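In: quick one: sequence plus predicted model below, questions after.
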Amino acid sequence: MIFDNETQELLAMVREFVDKEIIPTAGDYERNNEFPEKLLDMACGMGLNQLCIPAEYGGPGLTNVQMVAIAEEIARGDLGIATTLIANSLASYPVLVAGNDAQKKLWFDTIIKKKYAAFCLTEPDAGSDAGSVKTSAVEDGDYYIINGTKSFISNGPIAGIYTILASTKKSAGVMGLSAFIVERDRPGVSIGKEEDKMGMRLSCTSEVIFDNVRVPKDHLIGRKNRGFKYILDTLDHSRPGVGAFGVGIAQRAVEEATKYAKQRVQFGQPVANFQMVEEMLANMEIQVQTARQMYLHTAELIDAGLPFTMEAAIAKTAGTDAAMKCAVDGVQVMGGYGYMREYPMEKLMRDAKILQIYEGTNQIQRTVIAGQVKKKYNVKSSKSSKTSTPSAAPAKKEAAPMKTPAVTPVSVSEAADDAKGLNLLVCIKQVPDTTQIKIDPVKHTLIREGVPSIISTFDTYALETALRLKDKTGGKVTVITMGIPKAKEALRECLAAGADEAWLITDRVFGGSDTLATSKIVSTAITYLEEKNGKPYDVIFCGKQAIDGDTGQVGPEISQHLNRPLVSYAIEVALQDDGTLKCKRESDDGYDYFAVPSGCVITINKTDYDLRYPSFKSKSFARTAEIGELTSAEVVVDPSERGLDGSPTRVLKTYTPRHEKNGMKIENLDGKEAAEKLTGLLADAGLL
């Protein structure tokens, strides 16, 4: 499958988060037996716990293809973290399949507010055999009273809401099961034993106990006694995601095994060159690629509204078997080191095993597949096939599509109309991405042509400070920069991070402006926007290096032009109850604190917070949002104060050092003599 540009962007965003945040730290969290709350908070900030929420209920409105591909990326980093986040999708499917609008709003509002949900099906005596469910729901006036214990519940201790399966007609077996929504804070809901698992240790798994829990009748999902059908639909929808988890682990195993095999030298060459190791690596890659296509194909069928029961079971089985086989072979490639906890392979092997067990064992999946094959090729079942478990129920003729509407980006003007709270502005600068600058081997100069621009590092600190203020107080964050039309890409990065609107000052007459002229132009543009919007900015933020390099002049100059109070080099900013802003700044004696009224200018030094990762909604908004342009028609600056003519800074002469032979060797001397020789050379050069 070839992903469209939007999907590729989303996957690249998730991959960057996994590579930078999850992979380097997951092993330490596990060894310290520590729940990865910080990582999960970052992931929730990106919306990774809301993958299945439709756009109309505040979610990203992803397709099934996008959801499962993202699930693979997260599992490649760590299965426990992936399970914690994607368990929300499993728990949500009964509501998506059979819930009404009011139930969906209650459900998704709770996930957005409380982050996690859980799906409560399994019991101590009811695993693959759902007909053995003992949890009961008895009618009592306008309520159902629920009693029972659910076991092995992912997210049990941290969920804010549950979907549960309970018996409403015991004598009817699976045909007497019903599905309910139960909030965590209802009296009688408690957490039982928390499991100490072999793998998947960065997720929490526990019993959830329901002791005379009263839930309103409007919490019954769909029709009474039809719960088992909804659960079958749910498991069908979730299996491609479990297959994607398996592919994620298998992909990581291939990566780690290959990296090790290329570095490990035996008998004078890397072990990656040995035929048997090559064969193992090739087989691992074959399994990864084929299993990936299977789960993606299943997701395509779901999005198209076509039957997919057999394909879902195949996707789950192929992906999870690939995970186990690749992890085992990865350990073998790495030999003794693969068995050690210092390396990630043994963790991958422990994590992989559960995937062949949960959400329907792979033995049950093969029973489902066999049943579907016999139907597909019109082969009548033998008498012995009647003993198959209820999970091998016939496939639906047509499955309801899980595809949700795409996000409709909010326009800049709509975002502004809805804004309340602080009105914040951040001045940003685009700088060349130094990681992509090369050196001309002949001229020994930097090659800047074709190098993309990124946001200045200190401006990212300023933007994150503004976004954190917005998180706490509400309001709107506007970003502004000056440059050529290509600078819009840097502004879109700011919108993706969470800014609400963006403006580009772009006009040839502004070209060549130095720091003083630039400050005048930006200040004039700020005044224009304030008059246009009918309200002043409460805070104007600049990074320490915003626009003018290391000199830090732009913030003070804007402050002077606009006649507003200034705090420089702040590392924290907080809104006080009296409406002033408390700024924290490092000093020789520790920290200084300043209270400054709104309508101020604040320059930001390096803070403890890097710029946040985009969320799915903000990334989609940034892709299509209108970026306003300001020209000399709106930003009216006298020609004597703009461009080359209005810039007092002059370059009188440039000097390029001659390229001479670099250094010299000090040879055939002992340590003392070499030191004396070196000291003499430095003295002769005037350096000592």
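Out: All right, it came through fine. Numbering: from 1, shown residues only.
In: give me the average confidence score over the helix or strand containing residue 164.
Out: Per DSSP states H and E: residue 164 is located in strand 161-167. For strand 161-167, mean pLDDT rounds to 96.
In: who's in contact with that strand?
Out: 91-92, 94-95, 107, 110-111, 114, 117-121, 130, 133-137, 144, 146, 148, 150, 153, 176-184, 189, 208, 210, 221, 227-228, 231 (Cβ atoms under 8 Å, 6 or more residues apart in numbering). Heads up, the C-betas are built off the backbone N, CA and C, glycines and all.
In: beyond it, next helix or strand please.
Out: Downstream of strand 161-167 (by DSSP H and E), the next one is strand 177-183.
In: and the helix or strand just after that next one, C-alpha only, in PDB?
Out: Toward the C-terminus, strand 177-183 is succeeded by strand 189-194 as the next helix or strand (DSSP H and E). What follows is strand 189-194, C-alpha atoms only, in PDB (Å, rounded to 0.1, in the frame of the first residue of the first chain):
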ATOM      1  CA  VAL A 189     -16.500   0.300  41.100                       C
ATOM      2  CA  SER A 190     -13.000  -0.700  42.400                       C
ATOM      3  CA  ILE A 191      -9.700  -2.000  41.300                       C
ATOM      4  CA  GLY A 192      -8.700  -5.500  42.400                       C
ATOM      5  CA  LYS A 193      -5.400  -7.400  41.900                       C
ATOM      6  CA  GLU A 194      -2.900  -5.600  39.600                       C
END
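In: mean confidence for strand 189-194?
Out: Model confidence over strand 189-194, given as mean pLDDT, is 96.
In: now stretch 70-80
Out: 97.
In: just the buried residues of that stretch, please?
Out: Going by neighbour count (16 or more other Cβ atoms under 10 Å), the buried part of stretch 70-80 is 70-80.
In: now do the end-to-end distance for stretch 326-343.
Out: 15 Å (Cα to Cα, to the nearest Å).
In: what comes up buried for that stretch?
Out: Using 16+ other Cβ under 10 Å as the test for burial, stretch 326-343 gives 326-331, 333-334, 338, 343.
In: okay if I get these as CSV plus distance to residue 471?
Out: Shown next, in CSV, are the buried residues of stretch 326-343 (distance: Cβ to Cβ, whole Å):
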residue, distance to residue 471
326, 41
327, 40
328, 45
329, 46
330, 41
331, 44
333, 46
334, 44
338, 43
343, 39
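In: looking at the residues you listed, which are in helices?
Out: Counting by DSSP state H, those place 326-331, 333-334 in helices.
In: so where's the protein uncertain?
Out: 379-420, 434, 443-446, 448, 545-552, 647-663 (pLDDT under 70).
In: for the ones in helices among the buried residues of stretch 326-343, which one is nearest residue 619?
Out: Ranked by distance to residue 619 (Cβ to Cβ), these are led by residue 326 at 30.8 Å.
In: which residues touch that closest one?
Out: Residue 326 is in contact with 249-250, 253-254, 257, 284, 287-288, 352, counting by Cβ under 8 Å, 6+ apart.
In: now these in TSV, with distance to residue 638?
Out: What follows is the contacts of residue 326, written out as TSV (distance: Cβ to Cβ, whole Å):
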residue	distance to residue 638
249	64
250	65
253	66
254	63
257	66
284	68
287	69
288	64
352	69
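In: select only the buried ones of those in ChimeraX?
Out: Restricted to buried positions by 16+ other Cβ under 10 Å, the ChimeraX selection for the contacts of residue 326 reads:
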select :249,250,253,254,257,284,287,288,352
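In: what is the nearest of the contacts of residue 326 to residue 46?
Out: In terms of Cβ to Cβ, no member of those lies closer to residue 46 than residue 249, at 21.3 Å.
In: wait, doesn't the closest one sit right on residue 77?
Out: No: if you go by Cβ atoms under 8 Å, residue 249 and residue 77 don't touch, sitting 10.0 Å apart.
In: residue 59 against residue 50, yeah?
Out: Yes: counting by Cβ under 8 Å, residue 59 does reach residue 50; the two are 4.8 Å apart.
In: common neighbours of the two, please.
Out: Taking Cβ under 8 Å, 6+ apart as the contact rule, residue 59 and residue 50 both touch residue 112.
In: quick one: residue 372 from residue 366, how far?
Out: 11 Å (Cβ to Cβ, to the nearest Å).
In: identify the contacts common to the two.
Out: Taking Cβ under 8 Å, 6+ apart as the criterion, residue 372 and residue 366 both touch residue 313.
In: need phi/psi at residue 513.
Out: Phi and psi for residue 513, reported as degrees, to the nearest 10, are phi -70, psi 140.
In: so who does it touch?
Out: When the contact criterion is Cβ under 8 Å, 6+ apart, the partners of residue 513 are 482, 521, 642-644, 646-647.
In: restricted to strands, list the residues you listed.
Out: Judged by DSSP state E, those include residue 482 as members of strands.
In: between all of the contacts of residue 513, which two are at the greatest distance?
Out: Farthest pair in the contacts of residue 513 (Cβ to Cβ) is 482 and 644. Separation: 14.9 Å.
In: in terms of neighbours, single out the busier of those two.
Out: In terms of neighbours (other Cβ atoms under 10 Å), residue 482 is the more surrounded of residue 482 and residue 644; the figures are 23 against 12.
In: so what's the more buried one up against?
Out: Residues counted as contacts of residue 482 (Cβ under 8 Å, 6+ apart) are 504-506, 510, 513, 518, 521-522, 525, 547.
In: name the nearest of these relative to residue 10.
Out: Of all the contacts of residue 482, residue 10 sits closest to residue 504, with 25.3 Å by Cβ to Cβ.
In: right, I'll leave it there.
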